[in-house]
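>>> My questions are about this predicted structure, shown below with the sequence.
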Amino acid sequence: MMHLDGSMADGGDGGRNAGTAEDFPAAWARVKRRLRAELGEDVFASWFARLELEEVVGGVARLTVPTRFLKSWLESHYLDRVLATFGAEADTVTRIEVGVRGPAAPARPAGGPKPHAASAPLARLHATATPAAVQGPGPDAMPARSGETAGDLNGAPLDARLTFASFLVGRSNALAHAAAERISRHDGEISLYNPLYIHAGVGLGKTHLLHGIGHAIRESGRRVIYLTADRFMYGFVNALKTQNALAFKERLRAIDLLILDDVQFIQGKSIQLEFGHTLNALIDAGRQVVVASDRPPTELEALDERVRSRLAGGLVVEIGSLDEALRASILQSRLTAVRAAHPAFEVSPAVAAYVAKAITANGRDLEGAVNRLLAHATLTGGPMTVETAEIAIRDLVKNREPKRIKIEDIQKLVASRYNVSRSDILSERRTAAVVKPRQIAMYLSKVLTLRSLPEIGRRFGGRDHTTVLHAVRKIEKLIGDDPVLGDEVELLKRMLQD
């Protein structure tokens, strides 16, 4: 395994291909594809879509992003993962540096001509440096977007297709849908279920419900702002930079409904503080707040505890996995829409039933399956059978979304397996009977969840991220040296993933 300093854990090179200078652009493209597949479309689009490879020199891969905020976030949460993934694609890459590209120093393709010496220098920070939190105006503030005035807070547009009328209801989302509709119809002085907090995995319909609420409230003549966490953070930091923070706050608190999507991405002490004040001001004034995330409030480790408590104080609703009947309804809806543009496209009930049974992850995969079936039928001209459908959607069936594993579940299982208590694992005890299970639990938390090292450390009694990294490296080495321990850890993995 590749570490931040470029060293390898015991066990050889893992079969990685040696990288050459000519390989790096292609290797970086593969890295981004892997990150997209492993982290999901939402996380990738928020944090990795604008990450570009500038060059690789002497084993150092120099990456660039457009803002210092994005640079700090990547360095503190994902740098070790990027390095490990890049190292797996090109083993001459032993270190990562992230820089901010300015207007005079745009990103250039890897391997391309070097910028002129007069170009603005790339502001770099080594991977091991500690990023500063965004606290106010200054070098960390984001530049204003083209056509946007300083401190402006224009909400993201609502998608006209995402309404209550187009939302399909099943057992897994019935409660969330009922709460969303009730809020949309309610026009009393006291808001209902405030805040309404909806959490679900990718592609299960939470964003659809948010847009549906926004459309319904806006049609009633009330003021609505729909924001992603990224846009909220941008607006606040830009307001600080341009000294328009007061106007930003007043504009945000003068609305009737605030919709905030992907709240798990809100970072920075000052931004979290303002978010908490905004929540309190809106709720205390009887204004409605609707929030969505990929996890419940109690699992938002990066958020301030007071903000988590406020979010949990309303109605918290989970949208569960799609049951087969709901998947069949979603699939039929997609097929009907496609047939409107391609009348000759026919899918038999047997094929539709197979697809609905095979694709279990989310609605986006069902839409992808319909696109693959259409492409297969169009390109081959042959009839669509269950066998041909199986071939067409094979990649979607193989890459089903893995089960979301909680750190608490890991701690409980490991504690039970090694006859200790979970409180022992979280304690400061250093006896061998406790240290080994604690390190195994930390290792499993790193490899089975998307949590960063600092987040894992906080969930293990407030430990430093270096303690977690030491535990991960030690267990990796022990697994390589001790087949019995390796079998034990693999068994724990299977028990957690089943």
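Arrived safely, thanks for sending. Bear in mind that the values here come from a model prediction, so they are computed numbers and not experimental data.
>>> In stretch 377-391, which residues are buried?
By 16 or more other Cβ atoms under 10 Å, the buried positions in stretch 377-391 come out as 377, 384, 388, 389. Just so you know, the C-beta spots here come from the backbone N, C-alpha and C atoms, and that holds for glycine as well.
>>> can you tell me which of those lies nearest to residue 41?
Residue 41 has its nearest neighbour among these in residue 389, at 23.6 Å by Cβ to Cβ.
>>> I'd like to know how far that closest one sits from residue 336.
Here residue 389 is placed at a distance of 17 Å from residue 336 (Cβ to Cβ, to the nearest Å).
>>> and stretch 270-280, average pLDDT?
Across stretch 270-280, the average pLDDT comes to 83.
>>> Residue 264: what's it in contact with?
229, 293, 294, 295, 300, 302, 303 (Cβ atoms under 8 Å, 6 or more residues apart in numbering).
>>> so what's the fourth one up against?
When the contact criterion is Cβ under 8 Å, 6+ apart, the partners of residue 295 are 199, 264, 404.
>>> what residues go with each domain of this protein?
21-126, 174-318, 324-398, 407-497 (automatic domain parsing).
>>> gap between the helix or strand hosting residue 62 and the chain center?
Secondary structure assigned from DSSP states H and E places residue 62 in strand 60-65. Relative to the centre of its chain, strand 60-65 is centred 21 Å away, using Cα atoms, centre = their mean, to the nearest Å.
>>> swap in stretch 202-220?
For stretch 202-220 - counting by Cα atoms, centre = their mean - the centre lies 20 Å from the chain centre.
>>> list the buried ones in that stretch?
By neighbour count on 16+ other Cβ under 10 Å, the buried set for stretch 202-220 is 202-218.
>>> In helices only, show me those.
Of the buried residues of stretch 202-220, the ones assigned to helices by DSSP state H are 206-218.
>>> Just name the closest of those residues to residue 287, please.
Of these, the one sitting nearest to residue 287 (Cβ to Cβ) turns out to be residue 217, at 11.0 Å.
>>> Make sure that closest one is actually in contact with residue 256.
Yes - judged on Cβ atoms under 8 Å, residue 217 makes contact with residue 256 at a distance of 6.8 Å.
>>> Find residues that contact each of the two.
Counting by Cβ under 8 Å, 6+ apart, the residues touching both residue 217 and residue 256 are 224, 288.
>>> I'd like the domains of the chain as TSV, with distance to residue 159 appended.
Converted to TSV, the domains of the chain look like this (distance: least, Cβ to Cβ, whole Å):
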stretch	distance to residue 159
domain 21-126	15
domain 174-318	5
domain 324-398	14
domain 407-497	26
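>>> out of the ones you listed, nearest to residue 162?
domain 174-318 (3.6 Å).
>>> First-to-last residue distance for the closest one?
End-to-end distance for domain 174-318, by Cα to Cα, to the nearest Å: 10 Å.
>>> And stretch 415-429, by the same measure?
End-to-end distance (Cα to Cα), stretch 415-429: 14 Å.
>>> So what's the gap between it and the chain middle?
30 Å.
>>> Stretch 294-311 too?
With Cα atoms, centre = their mean, you get 15 Å for stretch 294-311.
>>> Just the buried residues of it, please?
294, 295, 297, 299, 300, 301, 302, 303, 307, 308, 310, 311.
>>> still on that earlier bit, restricted to helices, list the buried residues of stretch 377-391.
Short answer: the buried residues of stretch 377-391 in helices (DSSP H) are 377, 388, 389.
>>> Was I right to think the last one contacts residue 350?
Pointing back at residue 389 there. No - counting by Cβ under 8 Å, residue 389 sits too far from residue 350 to count as a contact (9.0 Å).
>>> Can you give me the neighbour number for residue 430?
8 (other Cβ atoms under 10 Å).
>>> repeat for the one 4 residues further on
The burial metric for residue 434, expressed as a neighbour count using other Cβ under 10 Å, is 19.
>>> where do the helices sit along the stretch 351-498 of the chain?
363-380, 386-392, 394-398, 407-417, 422-426, 432-448, 453-459, 465-481, 483-497 (DSSP state H, counting those that start in this stretch).
>>> which residues does residue 228 contact?
So residue 228 contacts 46, 156, 260, 261, 262, 265 (Cβ under 8 Å, 6+ apart).
>>> Quick one: name whatever helix or strand follows the helix or strand of the chain with the lowest mean pLDDT.
Sorted by mean pLDDT, DSSP states H and E, the helices and strands of the chain end with strand 123-126, the least confident at a mean of 30. Note on strand 123-126: by DSSP H and E, the next helix or strand toward the C-terminus is helix 174-185.
>>> Whichever helix or strand comes after that following helix pairs with which strands, and in what direction?
Downstream of helix 174-185, the next assigned helix or strand under DSSP H and E is strand 196-199. The partner list of strand 196-199 in its sheet, established with DSSP bridges, is strand 288-293 (parallel), strand 315-318 (parallel).
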